[in-house]
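Trainee: could you look at this predicted model? Sequence included:
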Amino acid sequence: MKRSTKLTVVGLVVAGAAGTAGIAQGVSGKESVAVRALDNAPAAASAEVPALVRQALTGQAASEFGAEVANVRKITASGDRPTLYITTTKEGGACISLESGETSCGSASSVRSGKFGLLTIAPPADGGPVAETVRTLPDGTVLARTLPGGKMTRYGVVPDGVTTVKARSANGAVAKTATVRSNVYKLDLGHEGKPDAAAAIELEKSDGAAVTHALK
């Protein structure tokens with residue numbers, strides 16, 4: 001989890017076992033659901049990939065996860081959602097990046113289940129500190145610990161068939177809803193450490209079937 005700061009903060013979300021290379025290939029199979037919209041998106045030209053995204057994907061953390069920089073796909077902005085950069089990993093998972101370089105990587109199983117996403121946390125409205133440095137990696141990547149209070153936004157990847165993602169509070173009430181486009185979404189999760197903070201996300205298909213994933 002990261003806040004929007006001037007630090008280069010790379011967070012990795014690692015969940016489950018991996019499959020074969022390729023987003024759709026990595027998450028499709030006997031017990032899997034394909035993410036065809038992502039796999040069908042053309043690879044972005046090198047000039048289209050922002051320097052901060054390239055830096056994050058070639059940094060120590062993402063490299064150890066197997067991010068394949070040559071396979072970056074550019075998912076253009078729609079509505080208030082920014083342009084997203086999604087790439088495959090050597091083990092069949094994926095990494096998602098914002099133009100600012102904020103990046104998260106997940107395994108094939110996390111993409112397949114809809115658990116995979118990138119969480120950003122904006123600076124708290126009171127102007128207090130946003131993060132504290134944990135350590136700096138040899139390549140210059142700063143690992144930071146987030147401090148509570150800021151607005152949380154989740155950018156996620158879901159399997160085919162999911163049309164809507166909902167943020168649910170601790171008592172199960174729906175707080176915010178986001179529409180899925182090209183298998184990705186942007187969802188408001190409330191404020192970190194505040195009563196409006198979401199406790200889970202619900203993935204809903206067009207036929208009404210839904211699955212819920214706890215955020216902690």
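Mentor: Received the coordinates, thanks.
Trainee: secondary structure element for R54?
Mentor: Using DSSP states H and E, R54 maps to helix 51-58.
Trainee: what's the helix or strand following that helix packed up against?
Mentor: As assigned by DSSP H and E, the chain's next helix or strand after helix 51-58 is helix 60-65. On a contact count with 3 or more Cβ pairs under 8 Å, 6 or more residues apart in numbering; DSSP states H and E, helix 60-65 meets strand 103-106. The way it works is simple: take the backbone N, C-alpha and C, and place the C-beta from them, glycine included.
Trainee: and the strand it packs on, how far from the chain's centre?
Mentor: A distance of 6 Å separates the centroid of the chain from that of strand 103-106, by Cα atoms, centre = their mean, to the nearest Å.
Trainee: so what does it touch, helix or strand wise?
Mentor: Using 3+ Cβ pairs under 8 Å, 6+ apart: strand 103-106 touches helix 51-58, helix 60-65, strand 94-98, strand 117-121.
Trainee: please repeat the previous calculation with a cut-off of 6 Å.
Mentor: For strand 103-106, the packing partners by 3 or more Cβ pairs under 6 Å, 6 or more residues apart in numbering; DSSP states H and E come out as strand 94-98.
Trainee: check which strands are paired with the strand it packs on and give the direction for each one.
Mentor: Strands adjacent to strand 94-98 in the sheet, as given by DSSP bridges, are strand 84-88 (antiparallel), strand 103-106 (antiparallel).
Trainee: which among these is found nearest to A45?
Mentor: With Cβ to Cβ, the closest approach to A45 among these belongs to strand 84-88: 12.0 Å.
Trainee: what about the closest one, average pLDDT?
Mentor: For strand 84-88, the mean per-residue pLDDT is 91.
Trainee: can I get it as CSV, trimmed to CA atoms?
Mentor: Extracted C-alpha coordinates of strand 84-88, given in CSV (Å, rounded to 0.1, in the frame of the first residue of the first chain):
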residue,chain,number,x,y,z
LEU,A,84,-3.0,2.1,-16.3
TYR,A,85,0.0,0.1,-17.4
ILE,A,86,-0.3,-3.7,-16.9
THR,A,87,2.4,-6.2,-17.7
THR,A,88,2.9,-10.0,-17.3
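Trainee: related to what we said a few turns ago, so can I have a markdown table of the strands paired with strand 94-98 showing distance to G149?
Mentor: Output for the strands paired with strand 94-98, formatted as a markdown table (distance: least, Cβ to Cβ, whole Å):
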| stretch | distance to G149 |
| --- | --- |
| strand 84-88 | 26 |
| strand 103-106 | 21 |
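Trainee: can you show me the helices along the protein?
Mentor: Taking DSSP state H as the test, the helices found in the chain are 23-27, 36-40, 51-58, 60-65, 108-113.
Trainee: could you give me the buried positions within the third one?
Mentor: Using 16 or more other Cβ atoms under 10 Å as the test for burial, helix 51-58 gives 52-57.
Trainee: so K166 bridges to which residues?
Mentor: K166 forms beta bridges with T177, E202, as assigned by DSSP bridges.
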